[in-house]
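>>> just need the structure, nothing else, for what follows:
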Amino acid sequence: MRRMWLARVLTVLVLLAVLGLAACSPSGLVPVVSPVAAPTTSAAVAVGSTPAPVAVASAQGATLPAQEQLLADLYGRVKPSVVNITVSQSRGEATGSGFVYDNQGHIVTNNHVVENATKIWVTFSDGSMVPAKVVGTDPGSDLAVIQVDVTSAKLTPVTLGDSESLRVGQLAVAIGNPFGLEGTMTTGIISALGRVMPSGSSSFAIVDLIQTDAPINPGNSGGPLLDSAGRVVGVNTLIFTQTGASSGVGLAVPVSAVKRVVPVLISKGHYAHAWLGISGRAITPALAEELSLTVQQGVLVDSVTAGGPAERAGIRGGSRSSQRNVPSASADGDIIVAVNDFEVKSFDDLVSYLARNTEAGQKLTLTVLRDGQRQRIEVTLTERPAAV
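Now for the predicted structure:
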């Protein structure tokens, strides 16, 4: 027994000596890895064959898991395209984000980032800072284009993706400057699509917003929301928060709006949104029951704007109010059930269709229910006013 105990002690001492030498190797704290043989299978292994290589993490050139490698590569590619924007305003300085759109120095950001700015400075990923000027703004989509005067070698334009084919659950990556911390990347998923939210820059709602749980914070505004290939699918613009910091619900303007609006801002400085000129509400089964309506979905027109496209076309708002549990609802206005034969189930459906598919001066056909009868009414849209 004594001999066995001595043998074990000697074995432990030898192992400790070996480990001590490894830890004190001249190259520093570098793991020492022994070759590992390939796992045995039913197939014969050739004598003298090289063991299968094992991925080893090191201080430099670490081999990363596939997902981490994808994100690291994406960041390396896209970071040079993302800029920090500093603006001087009457109330002081503010910061936001933006991204390089083309080789002519155009940079896309949010309207609310540059709104009322007296001076604008753009900081590139290499730390260089240059002045910028406003080219065009659109409060209706909360998009703006600014421009810097630099050589094309300084510019790395982004690749625009496709927001129309996004699916809930896809990877979402945001790169920007939250709280002024330049070059910050956060990740999450696309958590919802088609959100319609009021804009802080306009009295009209922004449609088709992308919702993500990738942390978005003040300073991220105007920065890109990316898919797993590093393509821009949205422009980060809003967060739901009670503290001023991310609460896991961020919203981005879809890249489809960028493709539609930005070229016009560059060429004209202004984007003309199509306008119908109604106020209304979505019909729900509960509302239909309260107002004794004959349908359970569609848009009930409460009122039409005097002199607006809908009024000129003969669309009718309500003339009497419900005396039941919905006192503010006009009970006898037209009910819009389709636009250009596209079925309208809610008010969001209607405004989203107008934003995606129409422009000022265009004619469209509304299908309405009036006194229980279907009618098709042609309306010529006009440019949306700044406020109503």
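
>>> phi and psi next, for Phe240.
Here is the backbone geometry of Phe240 (degrees, to the nearest 10): phi -90, psi 120.

>>> hey, what's the most centrally placed residue in the chain bridged with?
Note on the chain: the residue nearest the mean C-alpha position is Ala252, at 2.9 Å, using CA atoms, centre = their mean. Note on Ala252: beta-bridge partners Ile210, Asn236, judged by DSSP bridges.

>>> OK, contacts around Leu143?
Val108, Thr109, Asn110, Asn111, Thr137, Val235, Val253, Ala257, Val258, Val261, Val262, Leu265 (CB atoms under 8 Å, 6 or more residues apart in numbering). C-betas here are computed from N, CA, C, even on glycine.

>>> next: Tyr101.
Residues in contact with Tyr101 (CB under 8 Å, 6+ apart) are Ile107, Val108, Val145, Pro157, Val158, Val262.

>>> one more pass at 10 Å, please.
81, 107-109, 145-147, 155, 157-158, 160, 232, 258, 262-263, 266 (CB atoms under 10 Å, 6 or more residues apart in numbering).

>>> isn't Arg167 right next to Ile190, touching?
Yes: Arg167 is in contact with Ile190 according to CB atoms under 10 Å; the separation is 6.9 Å.

>>> of the two, who's got more company?
Using other CB atoms under 10 Å, the more surrounded residue of Arg167 and Ile190 is Ile190, with 23 against 8.

>>> can you classify the more buried one as helix, strand or coil?
Using DSSP: H, G, I helix; E, B strand; the rest coil, the structure places Ile190 in strand.

>>> without its sequence neighbours, what residue ends up closest to it?
Of all residues not flanking Ile190 in the chain, Gln170 sits nearest, at 4.7 Å (CB to CB, 6 or more residues apart in numbering).

>>> buried ones in stretch 348-361?
For stretch 348-361, burial by neighbour count (16 or more other CB atoms under 10 Å) applies to Asp348, Asp349, Leu350, Val351, Ser352, Tyr353, Leu354, Ala355, Thr358.

>>> just how off-centre is stretch 249-269 within its chain?
What separates the centre of stretch 249-269 from the centre of its chain is 11 Å, taken as CA atoms, centre = their mean, to the nearest Å.

>>> buried residues in it?
249-258, 260-266.

>>> may I have that stretch as PDB, with CA atoms only?
Extracted C-alpha coordinates of stretch 249-269, given in PDB (Å, rounded to 0.1, in the frame of the first residue of the first chain):
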ATOM      1  CA  VAL A 249     -38.800  47.600 -28.700                       C
ATOM      2  CA  GLY A 250     -37.000  49.500 -31.400                       C
ATOM      3  CA  LEU A 251     -38.500  50.700 -34.700                       C
ATOM      4  CA  ALA A 252     -36.800  51.300 -38.100                       C
ATOM      5  CA  VAL A 253     -38.000  52.900 -41.300                       C
ATOM      6  CA  PRO A 254     -38.000  50.200 -43.900                       C
ATOM      7  CA  VAL A 255     -35.400  50.300 -46.700                       C
ATOM      8  CA  SER A 256     -38.300  50.200 -49.200                       C
ATOM      9  CA  ALA A 257     -39.000  53.800 -48.100                       C
ATOM     10  CA  VAL A 258     -35.300  54.700 -48.400                       C
ATOM     11  CA  LYS A 259     -35.400  53.500 -52.000                       C
ATOM     12  CA  ARG A 260     -38.500  55.400 -52.700                       C
ATOM     13  CA  VAL A 261     -37.800  58.700 -50.900                       C
ATOM     14  CA  VAL A 262     -34.000  59.200 -50.900                       C
ATOM     15  CA  PRO A 263     -33.500  59.600 -54.700                       C
ATOM     16  CA  VAL A 264     -36.200  62.200 -54.700                       C
ATOM     17  CA  LEU A 265     -34.700  64.100 -51.800                       C
ATOM     18  CA  ILE A 266     -31.300  64.100 -53.600                       C
ATOM     19  CA  SER A 267     -32.900  65.400 -56.900                       C
ATOM     20  CA  LYS A 268     -35.600  67.800 -55.500                       C
ATOM     21  CA  GLY A 269     -34.900  68.200 -51.700                       C
END
